[in-house]
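Q: Just the structure for this:
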Amino acid sequence: MYTIRQVTTDKELQDALHVRRVVFIEEQQVPEDLEIDEHDQLSDPTIHVIAYRDTEPVATGRLRSPEKGVGKIERVAVKQETRGTGLGRELMIHLEKIAVQQGYSTLKLSAQLHAQPFYEKLGYVGYGEIFDDAGIDHIMMKKQLNR
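A: Have a look, this model is predicted:
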């Protein structure tokens, strides 16, 4: 049983950062100074979500608005032992609902190439050229939201 909620406390934010450290820094070898940034604080307008299995943090993601009417989903991370359970899909649906509440008409994200099919199943479309981010190939993707 998973619980997904918007981060509102420092403990929840630390739990989200823990999941990202496990997935991106330890598992994928992304340098910490590239992974953790100025948007990783409660005072920032960035919206973070955290998923728990009972009390264990197992997945996270965040939503920013780099331009008017557009949300950008970032730092989606699901711990290895919970991949393939549908949790990633649930997390994305949760973020999309928040985006609609925020009034966004479009969502963008930067997908690691291996995750592109996952996002395509959720209605995202790739665009532009493949690019390197922290030594990992990515592609930009977007989705129009129904409000």
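Q: Could you look up the SS state of residue 34?
A: helix (DSSP: H, G, I helix; E, B strand; the rest coil).
Q: In space, what's closest to residue 8 - neighbours in sequence excluded?
A: residue 42 (7.8 Å; Cβ to Cβ, 6 or more residues apart in numbering). Using the backbone N, CA and C atoms, a C-beta is placed for each residue, glycine as well.
Q: Repeat that for residue 53.
A: residue 2 (5.7 Å).
Q: Quick check: the one you found touching residue 89?
A: No - between residue 2 and residue 89 there is no contact under Cβ atoms under 8 Å: 11.1 Å.
Q: Please name the residues that touch the residue nearest to residue 8.
A: 7, 8, 9, 10, 13 (Cβ atoms under 8 Å, 6 or more residues apart in numbering).
Q: Please work out how many residues are found near residue 62.
A: When neighbours are counted by other Cβ atoms under 10 Å, residue 62 registers 22.
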